[in-house]
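Undergrad: build me a structure from this.
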Amino acid sequence: MTQQEIVASLPTHLRPFVRVQDYGQYTPRDQAAWRFIMRQLTRRLCDSAHPVYLEGLARTGIALDHIPSVEEMNACLAELGWRAVVVDGFIPPAIFMEFQALKILVIALEMRSVDHIFYTPAPDIVHESAGHAPFIIDVDYAEFLQRFGEIGMKAIASHQDFAQYEAVRQLSIVKEAADSTAADVAAAERALEEAMAVTEEPSEAALLTRLHWWTVEYGLVGELDSYRIFGAGLLSSLGESRNSLDDQRVAKLPLTVDAVNYPYDITREQPQLFVTRSCHHLGQVLEEFAAAMCFQRGGAESLRTAIAAGTVCTARYDSGIQVSGRFVEVLCDAVGKAVYLQTSGPTQLAWRDTEIYGHGTDAHAEGFGSPVGKLKDFSRCLSEYSVDELKAHHIVIGEPVVLEFLSGITVRGRLQHVLRQDHRNLLLSFNDCTVTDLQGRVLFQPAWGRYDMAVGASIDSVFGGTADRERYQLYKAAPAAAPSGAREEDGTLQGLYRQVAALAAGGGVAGLAAGLDAYPDEWLLRAELLEAGAAVDDELRQRAVDDLQRCAAAREDLREIIGLVLETATATAS
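TA: Residues are numbered from 1 along each chain as shown. Model prediction:
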């Protein structure tokens, strides 16, 4: 499938987050950076990465000698039942998880800059493709990743989660922007510190993000004294992948669900990592965490979790009707069971994740409230009664109706409509309706208009976000960033990178010595020269080595990188 065909196949609300990869945006220098990173990673990870890593690169369309195109990846991923799309940088976590649940890898468009070749705080095509994709060939891992997406979509996030996400996103943008000043970076770092400094109970989404970090991003597999790397964050970071193997520097802990108690700092190397026994074990830990989540438990406690989060969530009655909105109150009986729920602001009613016609946010713009529970003298939930049985209980359209719940809540009004689905009563609509609780508090009065009452004996699930994500959209895609090709580039320098890349195919070296003179600090160009092997004469090779040693002596930040280059060049020469 072409990129356009894949975008057209996506749910409508996901399409604005997807971009089309213009392969021409990547410069010869970008391609050289890719080659350098992939050469170094595969050389240094051949013994420390999970055994499927190198095979997975090839089988998912990721070459070592050029930045992958999304078409190349999709041609390979299709055989594994997966797809890939490209995006600009960070996207909202819930959207990311939804893509993952659909077995779609999200690949960042940008190639990291040479200045951040060891590690970039922003999502880039190295991390997203070479880090995440290879392990899709492992069936257990692929199923774990998809299941993580399904669970992640339902996690309840708080306002604080959104604030922290936005602070991280802004910091990554500022750090990668070529025109950012030191003051810009410092301001973005302060904003992140302030967002992270807020102390509150971590939400479900925050805890699940920690589990994602310690497994998908920074996971190790094997035994505590004999492990391999499989986390994408480690596999795409030259520095941290090496440092992670130092047991004195980085503690190793067995992976259990308790990993969610360990926060992480995206701006620093991690002090501990977790070792899973196998990819199947990953799924077991994930399900153990999911079993305690609100979408599995439901009930009053889960509704209170949604209220505390202050974000739009969905409550599902046991009848199947779903209420999506910002929950502000739940009334309970003496034994703690929810008997009435209330939202504020735009609210959607849905059935099987599809908005019920006429019951979107326009119809319930101010909020929605409804009882939960069984009626007095009714042996079953009201949802289970046939039309004839309703009539036998004097519940007739066009007639006054009084519904007395076991909780003491009473609904009095003229019944106008009964919405049924799958032989169930889901929604009763009243005019001239008054709703009161056991203490006589008025929960709804006739002046407020039509009263729609959801039907169900209990709340069996509460989850983050909306039921029908197409009709009630919570997230907007950020404006498209300017593509890399829009950057002001030095044509002469790019020409030199292009010439060096062509040496292995028989290109000439004429003018390269002068090019090195013109760009004395361009260490990556010299690293590329050393990789060209026999195509470069001894004199030019020695010149590249001397220049690299000079750069390393002058710039402390380059010493480690250049050391890797010279180490490889020496090993190759011998």
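Undergrad: what about the nearest residue to Pro28 once chain neighbours are set aside, how many residues nearby?
TA: Nearest residue to Pro28, sequence neighbours excluded (CB to CB, 6 or more residues apart in numbering): Tyr497, at 3.6 Å. Where C-beta positions appear, they are placed from N, C-alpha and C, glycine not excepted. Using other CB atoms under 10 Å, Tyr497 has 21 neighbouring residues.
Undergrad: for Tyr497, give its distance to Ile562.
TA: 18 Å (CB to CB, to the nearest Å).
Undergrad: same question for Ala334.
TA: From Ala334 over to Ile562 (counting by CB to CB), the distance is 72 Å.
Undergrad: swap in Phe99?
TA: For Phe99, the distance to Ile562 - CB to CB - is 38 Å.
Undergrad: so Gly325 is in contact with Gln342, correct?
TA: No. Contact status for Gly325 versus Gln342: not in contact, 9.2 Å apart, counting by CB atoms under 8 Å.
Undergrad: what sits in contact with each of those two?
TA: Gly367, Phe368 (CB atoms under 8 Å, 6 or more residues apart in numbering).
Undergrad: comparing the two, which residue is more hemmed in?
TA: Remark: of Gly325 and Gln342, Gly325 carries more neighbours, 25 against 20, as counted by other CB under 10 Å.
Undergrad: the more buried one belongs to a helix?
TA: No. Counting by DSSP: H, G, I helix; E, B strand; the rest coil, Gly325 falls outside a helix, being strand.
Undergrad: now do the contacts for it.
TA: Going by CB under 8 Å, 6+ apart, Gly325 touches Val312, Cys313, Thr343, Ser344, Gly345, Pro346, Thr347, Gln348, His364, Gly367, Phe368.
Undergrad: of the residues you listed, closest to Gly24?
TA: Val312 (40.4 Å; CB to CB).
Undergrad: contacts only, for the closest one.
TA: Contact partners of Val312, counting by CB under 8 Å, 6+ apart, are Ser324, Gly325, Arg326, Gly464, Gly465, Thr466, Tyr472, Leu474.
Undergrad: contacts only, for the fourth one.
TA: Pointing back at Gly464 there. Neighbour list for Gly464: 94, 153-157, 204-205, 306, 309, 311-314 [criterion: CB under 8 Å, 6+ apart].
Undergrad: counting only strands, which of those residues make the cut?
TA: Cys313, Thr314 (DSSP state E).
Undergrad: hang on, the earlier thing: can you flag the buried ones in the contacts of Gly325?
TA: Val312, Cys313, Thr343, Pro346, Thr347, Gln348, His364, Gly367, Phe368 (16 or more other CB atoms under 10 Å).
Undergrad: would JSON lines of the residues you listed with pLDDT, distance to Asp47 and secondary structure be doable?
TA: Converted to JSON lines, the buried ones among the contacts of Gly325 look like this (pLDDT from 0 to 100; distance: CB to CB, whole Å; DSSP: H, G, I helix; E, B strand; the rest coil):
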{"residue": "Val312", "pLDDT": "98", "distance to Asp47": "48", "secondary structure": "coil"}
{"residue": "Cys313", "pLDDT": "98", "distance to Asp47": "47", "secondary structure": "strand"}
{"residue": "Thr343", "pLDDT": "98", "distance to Asp47": "55", "secondary structure": "strand"}
{"residue": "Pro346", "pLDDT": "98", "distance to Asp47": "55", "secondary structure": "strand"}
{"residue": "Thr347", "pLDDT": "98", "distance to Asp47": "56", "secondary structure": "strand"}
{"residue": "Gln348", "pLDDT": "98", "distance to Asp47": "53", "secondary structure": "strand"}
{"residue": "His364", "pLDDT": "98", "distance to Asp47": "59", "secondary structure": "coil"}
{"residue": "Gly367", "pLDDT": "98", "distance to Asp47": "60", "secondary structure": "coil"}
{"residue": "Phe368", "pLDDT": "98", "distance to Asp47": "59", "secondary structure": "coil"}
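Undergrad: now the two most distant members of those.
TA: Across the buried ones among the contacts of Gly325, the longest distance by CB to CB is 14.8 Å; it joins Cys313 and His364.
Undergrad: list the residues that contact Tyr141.
TA: Phe135, Phe230, Cys279, Leu282.
Undergrad: try it again with 7 Å
TA: Applying CB atoms under 7 Å, 6 or more residues apart in numbering, one finds that Tyr141 lies in contact with Phe135, Cys279.
Undergrad: that one in helix, strand or coil?
TA: Secondary structure of Tyr141, per three-state DSSP, is helix.
Undergrad: pLDDT wise, what is it at?
TA: Note on Tyr141: pLDDT of 95.
Undergrad: Ala183 and Met196, how far apart?
TA: According to CB to CB, Ala183 stands 20 Å off from Met196.
Undergrad: between these two, point out the one with more neighbours.
TA: Applying other CB under 10 Å to Ala183 and Met196 shows that Met196 carries more neighbours, namely 17 against 8.
Undergrad: tell me the phi and psi of the nearest residue to the more buried one once chain neighbours are set aside?
TA: Nearest residue to Met196 in three dimensions, chain neighbours excluded: Gln164, at 6.2 Å (CB to CB, 6+ apart). Main-chain dihedrals, Gln164, degrees, to the nearest 10: phi -70, psi -40.
Undergrad: burial of Gln164, as a residue count?
TA: Gln164 has 19 neighbours, counted by other CB under 10 Å.
Undergrad: what's around the nearest residue in space to Gly310 that is not next to it in sequence, how many residues?
TA: Nearest non-adjacent residue to Gly310, counting by CB to CB, 6+ apart: His159, 5.0 Å away. Neighbour count for His159, taken as other CB under 10 Å: 13.
Undergrad: ok, now the one 10 residues further on?
TA: Here the number of neighbours of Arg169 (other CB under 10 Å) works out to 19.
Undergrad: doesn't it belong to a helix?
TA: Yes. Checked against three-state DSSP, Arg169 lies within a helix.
Undergrad: for the residue lying closest to it once chain neighbours are set aside, give me its contacts.
TA: Leaving aside its sequence neighbours, Arg169 sits nearest to Phe90 (CB to CB, 6+ apart; 4.2 Å). Contact analysis of Phe90 by CB under 7 Å, 6+ apart lists Pro123, Arg169, Ser172.
Undergrad: reformat those as JSON lines; add pLDDT.
TA: Below are those laid out as JSON lines (pLDDT from 0 to 100):
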{"residue": "Pro123", "pLDDT": "80"}
{"residue": "Arg169", "pLDDT": "78"}
{"residue": "Ser172", "pLDDT": "75"}
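Undergrad: closest to Leu220 out of the residues you listed?
TA: Closest to Leu220 out of the contacts of Phe90 is Pro123 (21.9 Å), distances taken as CB to CB.
Undergrad: right, and the closest one touches Ile107 too?
TA: No. Shown here, Pro123 and Ile107 do not form a contact pair, counting by CB atoms under 7 Å, at 8.7 Å.
Undergrad: separation between the residue nearest to Pro28 and Gln542?
TA: 21 Å.
Undergrad: domains of the protein?
TA: The chain breaks down by automatic domain parsing into domains covering 3-155+207-287, 294-464, 489-573.
Undergrad: can I get those in CSV including distance to Arg190?
TA: Formatted as CSV, the domains of the chain follow (distance: least, CB to CB, whole Å):
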stretch, distance to Arg190
domain 3-155+207-287, 12
domain 294-464, 25
domain 489-573, 23
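Undergrad: fine by me, thanks again.
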